[in-house]
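Visitor: Build me a model:
(2 chains)
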Protein chains: 2
Amino acid sequence: MADNNFEFRISEKDGKARNGTFSTPHGIIQTPVFAPVGTQATVKTLSPAQIEETGANLVLSNTYHLYLRPGEDIIAEMGGLHEFMQWKKPMLTDSGGFQVFSLSDMRKIDEDGVTFRSHIDGSKHRFTPEKSVDIQEKLGADIIMAFDECASPYDQAYIEQAMNRTHAWALRSKNAQKRTDQALFGIVQGGIFTEFRKSSAEYISSLDFPGNAIGGLSVGENKKEMYQTIEVVNDILPENKPRYLMGVGTPEDLVNGVLRGVDIFDCVLATRLARHSAALTMTGKLNLMNAKFARDHLPIEIDCDCYTCRTFTRSYLRHLVMAKETLSGTLISIHNISMLQKLMRLLREAISQGNLDKFASWFLSQYEYKKGKTADTILSDGE
Amino acid sequence: MADNNFEFRISEKDGKARNGTFSTPHGIIQTPVFAPVGTQATVKTLSPAQIEETGANLVLSNTYHLYLRPGEDIIAEMGGLHEFMQWKKPMLTDSGGFQVFSLSDMRKIDEDGVTFRSHIDGSKHRFTPEKSVDIQEKLGADIIMAFDECASPYDQAYIEQAMNRTHAWALRSKNAQKRTDQALFGIVQGGIFTEFRKSSAEYISSLDFPGNAIGGLSVGENKKEMYQTIEVVNDILPENKPRYLMGVGTPEDLVNGVLRGVDIFDCVLATRLARHSAALTMTGKLNLMNAKFARDHLPIEIDCDCYTCRTFTRSYLRHLVMAKETLSGTLISIHNISMLQKLMRLLREAISQGNLDKFASWFLSQYEYKKGKTADTILSDGE
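Guide: Numbering: from 1, shown residues only, chains lettered A, B, ... in the order given. Got it, this is the predicted structure:
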């Protein structure tokens, strides 16, 4: 392990936003950063060579899925997740908490952990903070997450219980950690309740993790509630540690998150939309199933330099979509991830030039949300 | 159009086998050659960059599919098939005949052509030799095929009728051709009946196409019948024109076809098997779903230099298969096409060195068919 692992160095600031570098055993992450999601040790439909071509640097993978299939012991035996999936750059694994609560069947929560049934074969399993950290140590990502409970955002009484469990589990996750070459991040919970979020941010900060995450957002609350919650939490989280907004990644949320001091994002949106024929552009979304693209000679986005835009017309992409060829998902995923990488690059440049507010105002005013669409309609268009 | 288009030059011979070059507007094809199939203007799950990396030079696409979707006029408007799918090397389209007889619903054959219903939406369509050539001229492949009728191999009375129609349609296809920058190949039919095959080879040869094809094989007959039929036909087809064995492409059939003087092959086998977890190797087939590969550190084939074998273990590929990730189809397709390209290279080298018989005996004796498996069980394993 290099001595400077997990050093977070802020190079430039603009309002609450900041440019920085986070050093990991598999390389330096330039922040703010967007990470595409490789749920089952693969960013769906893309080879590692294709992911790399998008400019992505950090890739997320899911502990719950990999624990169930192929199993963390097999991945450890194969040399860890980087070696297994041949992604040699930085990786992050979540704790499995979110999937246990959103995907598994018949979960039963107690103070010690969660018992659940696999969504694949119904088999019974148990996650505790210690188990989650153990699995993540076997997977070997550069950034790993404390085990937490993500509750639905409006049930105040339940949210308080879940938050308190999350705090106890954060400490147990920290105490369970054996490897020193992985950065364990704590997770702030508390739904949309300001007082809960404040006390959660204070408690998680007190545990002095090398990075902190905001969990439990983009799960049903509205945009105003999401952005206010980010502000409340980021006012308390330490300046000198990276801040990770979990599972958030529409273009407008990336811009709004960066404006409020978020450094790391991940989301399935870019790739899930792609597999459902929707391309992200700097001005909105194109549904390539639309008949108007049948004879369109243009690429998805004229000034995009990704492989898809350098090579293919909308006409061809529409044909692949209509013919149900999975290559459409591959080619649109390449574009969508590239587009979000470009947006992050533009945000970093704006911070560097001290004109983030101006860039953000321009971007948000011309993006399709001005037409009354919200990120949620885009997301639910997808599946 | 360059002056030397469609020149077939034989450089070396070994028994009935020959090495040659066939010049097309999109480049020179080294023969014997194996062409992967891009049914709907895409070799399923692969980008053109990935196809090119396999070493493939000639790609086939299907007239029936492209006529139905997106339509030949759209492809013509987009600059032709090469431009549309961004495959800049040689291409071949079939006539649509085979698919009309195998895929479409409610087909009605008369001496003039075939009326059929689309397998996609049930709409009614009609193909004639003139229509097939017109579509293929709009698609713009380098090699195009005469419209033919492919009948099941054993019904002697019907086979004779279908063969006679195929002959009349071959002449009409030839007369319908307007473009001079596409090589139109005739197709020999006649089922498994030696006398029919002889008279068909004689008639098709008399039309003096720049290349000739053997159709109606690998449709239910046994290996002995297939190989005998190839011998009967190739003894009659002119030496100085390329010979194309349609829809045939198991490793053993490639070797046996080359031994009998075939120059061009195509088959969906390599890519269809890949999408069903089966990898082709020089010694047989691996089903990557097999539990024994769960912890296997080896690549599919140790001495293969394709992207998949240079990069991934069998363990990872098995995981992708079990997790139903389409990337498994992509990565195994890359390997399978690369493996057949390598086999063709080895066959060309053996011809060049005058030891094809020796190479073929070695290959066929060590390939898994010696264990009693046949190409057909491999094919039907696939789907």
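
Visitor: Secondary structure element holding the residue of chain A most remote from its centre?
Guide: Residue farthest from the centre of chain A, counting by C-alpha atoms, centre = their mean, is residue A:295 at 35.5 Å. Here residue A:295, judged by DSSP states H and E, is contained in no helix and no strand.

Visitor: Against chain B, how distant is it?
Guide: 6 Å (C-beta to the nearest C-beta, to the nearest Å). Just so you know, the C-beta spots here come from the backbone N, C-alpha and C atoms, and that holds for glycine as well.

Visitor: show me what contacts that residue?
Guide: A:315, B:74, B:77, B:78 (C-beta atoms under 8 Å, 6 or more residues apart in numbering or on different chains).

Visitor: interface residues of chain A facing chain B?
Guide: With C-beta under 8 Å from any C-beta of the partner chain as the criterion, chain A comes near chain B at residues A:40-42, A:44-50, A:65, A:69-70, A:74, A:77-78, A:84-86, A:294-295, A:297, A:307, A:311-313, A:315-316, A:318-320, A:322-323, A:325-327, A:329-331.

Visitor: Buried ones among these?
Guide: By neighbour count, with 16 or more other C-beta atoms under 10 Å in any protein chain shown, these hold A:40-42, A:44-48, A:50, A:65, A:69-70, A:74, A:77-78, A:84-86, A:294, A:307, A:311-313, A:315-316, A:318-320, A:322-323, A:325-327, A:329-331 as buried.

Visitor: in what helix or strand does residue A:164 lie?
Guide: Per DSSP H and E: helix A:156-176 holds residue A:164.

Visitor: Name the residues of stretch A:223-230 that are buried.
Guide: For stretch A:223-230, by 16+ other C-beta under 10 Å, it's A:223, A:225, A:226, A:227, A:228, A:229, A:230.

Visitor: scratch that, stretch A:92-103 is what I was asking about
Guide: A:92, A:93, A:94, A:95, A:96, A:97, A:98, A:99, A:100, A:101, A:103.

Visitor: Tell me the backbone dihedrals of the residue farthest from the centre of chain A, please.
Guide: Note on residue A:295: its backbone torsions stand at phi -120, psi 30 [degrees, to the nearest 10].

Visitor: Now do the helices in the stretch 1-150 of chain A.
Guide: Per DSSP state H, counting those that start in this stretch, the stretch 1-150 of chain A carries helices over the ranges A:48-53, A:63-68, A:72-77, A:81-85, A:97-102, A:129-139.

Visitor: Can you list the residue ranges for strands in the stretch 1-150 of chain A?
Guide: Counting by DSSP state E, counting those that start in this stretch, the stretch 1-150 of chain A has these strands, from start to end: A:8-14, A:17-24, A:27-31, A:33-36, A:59-61, A:91-93, A:105-109, A:114-117, A:124-127, A:143-145.

Visitor: closest one to residue B:368 among those?
Guide: With distances scored as C-beta to C-beta, the stretch of the strands of the stretch 1-150 of chain A nearest to residue B:368 is strand A:59-61 (36.0 Å).

Visitor: what does the closest one contact?
Guide: A:35-41, A:43, A:51, A:81, A:85, A:87, A:89-94, A:139, A:141, A:266.

Visitor: Quick one: distance of that strand to the chain centre.
Guide: 8 Å (C-alpha atoms, centre = their mean, to the nearest Å).

Visitor: What of stretch A:72-91?
Guide: With C-alpha atoms, centre = their mean, you get 19 Å for stretch A:72-91.

Visitor: in it, what counts as buried?
Guide: A:72, A:74-78, A:80-87, A:89-91.

Visitor: so for that stretch, what's the average pLDDT?
Guide: Mean per-residue pLDDT for stretch A:72-91: 98.

Visitor: what does stretch A:344-355 give?
Guide: For stretch A:344-355, mean pLDDT is 98.

Visitor: in it, what's buried?
Guide: Buried residues in stretch A:344-355, defined by neighbour count with 16+ other C-beta under 10 Å: A:344, A:347, A:348, A:350, A:351.

Visitor: Serialize those to CSV and add fields for secondary structure.
Guide: Below are the buried residues of stretch A:344-355 laid out as CSV (DSSP: H, G, I helix; E, B strand; the rest coil):
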residue, secondary structure
A:344, helix
A:347, helix
A:348, helix
A:350, helix
A:351, helix
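
Visitor: from these, which single one is nearest residue B:125?
Guide: residue A:344 (49.0 Å).

Visitor: after the helix or strand hosting residue A:271, next one along is what?
Guide: Applying DSSP H and E as the criterion places residue A:271 in helix A:269-275. Downstream of helix A:269-275, the first helix or strand assigned by DSSP H and E is strand A:278-281.

Visitor: List the strands paired with that next one, with their directions.
Guide: strand A:284-287 (antiparallel) (DSSP bridges).

Visitor: And for the closest residue to residue A:174 other than its chain neighbours, the neighbour number?
Guide: Spatial nearest neighbour of residue A:174, excluding adjacent residues (C-beta to C-beta, 6 or more residues apart in numbering or on different chains): residue A:207 at 5.9 Å. Residue A:207 has 15 neighbours, counted by other C-beta atoms under 10 Å in any protein chain shown.
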